[in-house]
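Model the following, please.
(2 chains)
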Protein chains: 2
Amino acid sequence: MPTFIDIHHGMPGITQKGLAEAHTVDLALQAEEGVSFERAWADPVSGNVFCLATGPNLEAVQRVHTRAGHPADEIYEVPLEV
Amino acid sequence: MPTFIDIHHGMPGITQKGLAEAHTVDLALQAEEGVSFERAWADPVSGNVFCLATGPNLEAVQRVHTRAGHPADEIYEVPLEV
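Numbering: from 1, shown residues only, chains lettered A, B, ... in the order given. This next block holds a predicted model:
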């Protein structure tokens, strides 16, 4: 299953609670798209949120985020990993 | 210890071997800066490489990459994680 990293911009001031709530919505929807969100990290200063996921393709990852109400601004398939 | 995500641009065509070699140089230098690179992912299509690290501060993370010959284009401290 391919691995993806996506980035959400424009979330300055995001809190641990806000990140957890957004992630929970992704988790509730991901099975319908065959996606698995593994981890997410947020920087409240720059407003960037990074998600690590596996799924069948980039579009499926984005569909989960879009249905959750927070489409990603960038998504990259990352076939190489160390 | 704070967590950081950094991004290197402009590495289209990067291979698993190239990623592993670059990561090995980081690992060889990181102790001197108190940094620990945990994982790295690369997208040979966009040429983006993403690194996950912990360390005392952003500057220390960048010093490792710079001394390794591949300074990051973006580095973010990510204090929030799920």
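
Quick check: phi and psi on the residue nearest the centre of chain A?
Chain A has A:Cys51 as the residue nearest its centroid, 3.8 Å off, counting by C-alpha atoms, centre = their mean. Main-chain torsions, A:Cys51, degrees, to the nearest 10: phi -120, psi 140.

What sits closest to it if chain neighbours are left out?
Excluding the flanking residues, the one nearest A:Cys51 by C-beta to C-beta, 6 or more residues apart in numbering or on different chains is A:Ala40, at 4.5 Å. The way it works is simple: take the backbone N, C-alpha and C, and place the C-beta from them, glycine included.

ok, the one you found - how many residues close by?
Neighbourhood size, A:Ala40 [other C-beta atoms under 10 Å in any protein chain shown]: 21.

Does it touch A:Asn48 like I think?
No - the pair A:Ala40 / A:Asn48 is not scored as a contact, 11.0 Å apart, by C-beta atoms under 8 Å.

Next, A:Gln62: secondary structure please.
Of the three states, A:Gln62 takes helix under DSSP: H, G, I helix; E, B strand; the rest coil.

List the residues that contact it.
Neighbouring residues of A:Gln62 by C-beta atoms under 8 Å, 6 or more residues apart in numbering or on different chains: A:Asp6, A:Pro71, A:Ala72, A:Ile75.

Next: A:Ala60.
Per C-beta under 8 Å, 6+ apart, neighbours of A:Ala60: A:Glu33, A:Gly34, A:Val35.

hmm, try it at 10 Å
Shown in contact with A:Ala60 (C-beta atoms under 10 Å, 6 or more residues apart in numbering or on different chains): A:Pro2, A:Phe4, A:Gln30, A:Glu32, A:Glu33, A:Gly34, A:Val35, A:Ala53.
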